[in-house]
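*Asks:* The sequence and its predicted three-dimensional model are supplied below.
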Amino acid sequence: MPLRLGIVTDVHFGPDSPTVVGSAAPEALRRCLDDLRGWAPDLLVDLGDRLTDETPEIDLQRLRTIASAFGASGLRREHLRGNHDLLPPAVQEELLGGPVTDRSLDVGGWHLVFLDTHDGSIGGTLSEERLAWLAADLAATSLPTVVFSHPPLDGQPLIGNASFEVAYAAHAHPAGHERARRIMAASGRVRVAVNGHTHWNRVVEEAGVRHLTVQSLVARTADGGATGSYAIVDLDEGSFRFRVFGREPFEHVG
């Protein structure tokens, strides 16, 4: 059955930096969500890093703003934690209206898996317990599957990536990503894996799984503005289309 996913990631509400326009996040998110309503996705997935963390008090105030925008969208949605989402999970879940840690659910004839890699480090970790849970979860479904995570699971070099090629190369992928890929391939169920974190648009195919990376909503463009990036992923039994909108458009069809 066809499935349409809306994806937004790395909202990074917070201070501006050389790589993100954090101050633009609330307005960029509102525009993005207005656009996404027009696409009528079956599910909106927020892949994390809603904030650029500063202090618990500031983070809480900013998360209230971001959560209010998501709530006003009226879209069915799911959220994950990123490495900058440092408030306690219970606080995030109360404001966002749903879980931010590991779980899975079925939507429109597809099985959706949400991996929480957060451990306080930049790249995160896929622990033994989490990997065992992933293997058991995939073994228990007969549906085609999409796996979501904040950092990429593809394990590929990030040549040309402004943030991660050099300064954060060791933090681009979570510890244990190699085993996660083996589990996903062995299941024969996983069609697509979707992530944010590395602030660019990218498609990598490995062992029959397409790994899709979505650009940050507020990545800084050459003229100093925010990209306004969000993605639409259309899946069907024999087709696939990945489109990123905003100031850095991207498309991949398979």
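*Replies:* Yes, it's here. Fair warning: this is a prediction, and the values are worked out from it, not measured in the lab.

*Asks:* low-confidence ranges in the stretch 151-254 of the chain?
*Replies:* The model of the stretch 151-254 of the chain has no residue with pLDDT under 70.

*Asks:* what ranges do the helices span in it?
*Replies:* 177-187 (DSSP state H, counting those that start in this stretch).

*Asks:* From residue 251, how far out is the closest residue to residue 234 other than its chain neighbours?
*Replies:* Leaving aside its chain neighbours, residue 234 sits nearest to residue 241 (4.4 Å; criterion: Cβ to Cβ, 6 or more residues apart in numbering). No exception for glycine: its C-beta is placed from N, CA and C like everyone else's. Applying Cβ to Cβ, to the nearest Å, the value for residue 241 to residue 251 is 7 Å.

*Asks:* again with residue 56
*Replies:* In terms of Cβ to Cβ, residue 56 sits 40 Å off from residue 251.

*Asks:* For residue 44, give me the backbone phi and psi.
*Replies:* As for residue 44, its main-chain torsions (degrees, to the nearest 10) stand at phi -100, psi 130.

*Asks:* Let me know whether it touches residue 74 as I believe.
*Replies:* No: checked against Cβ atoms under 8 Å, the pair residue 44 and residue 74 is beyond contact range at 10.0 Å.

*Asks:* Looking at the two, which has the bigger crowd around it?
*Replies:* Neighbour comparison, residue 44 and residue 74: the larger count goes to residue 44, with 23 against 10 (by other Cβ atoms under 10 Å).

*Asks:* got a pLDDT number for that one?
*Replies:* pLDDT, residue 44: 98.

*Asks:* who touches it in this structure?
*Replies:* Applying Cβ atoms under 8 Å, 6 or more residues apart in numbering, we find residue 44 in contact with 5, 6, 7, 8, 33, 36, 73, 75, 76, 77, 78.

*Asks:* again, only this time at 6 Å
*Replies:* Taking Cβ atoms under 6 Å, 6 or more residues apart in numbering, we find residue 44 in contact with 6, 75, 77.

*Asks:* Adding neighbour count, pLDDT and secondary structure, write those out as TSV.
*Replies:* Listed next are those as TSV, based on neighbours: other Cβ atoms under 10 Å; pLDDT from 0 to 100; DSSP: H, G, I helix; E, B strand; the rest coil:
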residue	neighbour count	pLDDT	secondary structure
6	25	98	strand
75	17	98	coil
77	20	98	strand
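
*Asks:* Out of these, which comes closest to residue 217?
*Replies:* Checking these against residue 217 with Cβ to Cβ, the nearest one is residue 6 at 12.2 Å.

*Asks:* Apart from its chain neighbours, what residue comes closest to that closest one?
*Replies:* Closest to residue 6 by Cβ to Cβ, 6+ apart is residue 41, at 3.7 Å.

*Asks:* Pull the number of nearby residues for residue 7.
*Replies:* Residue 7: 24 neighbours (other Cβ under 10 Å).

*Asks:* Adjacent strands (with direction) for the helix or strand where it lies?
*Replies:* Assigned by DSSP states H and E, residue 7 belongs to strand 3-8. The pairing partners recorded for strand 3-8 under DSSP bridges are strand 43-46 (parallel), strand 230-236 (antiparallel).

*Asks:* roughly how far is it from the heart of the chain?
*Replies:* Here strand 3-8 is found 10 Å from its chain centre; the criterion is Cα atoms, centre = their mean, to the nearest Å.

*Asks:* repeat for stretch 79-96
*Replies:* Distance, centroid of stretch 79-96 to centroid of chain: 14 Å (Cα atoms, centre = their mean).

*Asks:* Can you show me the CA trace of that stretch as CSV?
*Replies:* Provided in CSV are the C-alpha atoms of stretch 79-96 (Å, rounded to 0.1, in the frame of the first residue of the first chain):
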residue,chain,number,x,y,z
HIS,A,79,9.2,12.4,17.4
LEU,A,80,12.8,11.2,18.2
ARG,A,81,15.5,12.6,20.4
GLY,A,82,18.7,14.2,18.9
ASN,A,83,22.0,14.8,20.6
HIS,A,84,21.0,18.4,21.5
ASP,A,85,17.6,17.4,23.0
LEU,A,86,18.9,17.2,26.6
LEU,A,87,15.8,17.8,28.6
PRO,A,88,14.5,14.6,30.4
PRO,A,89,12.5,12.4,28.1
ALA,A,90,9.4,12.7,30.3
VAL,A,91,9.5,16.5,29.9
GLN,A,92,9.9,16.3,26.1
GLU,A,93,7.1,13.7,25.9
GLU,A,94,4.7,15.8,27.9
LEU,A,95,5.2,18.8,25.7
LEU,A,96,5.3,17.0,22.4
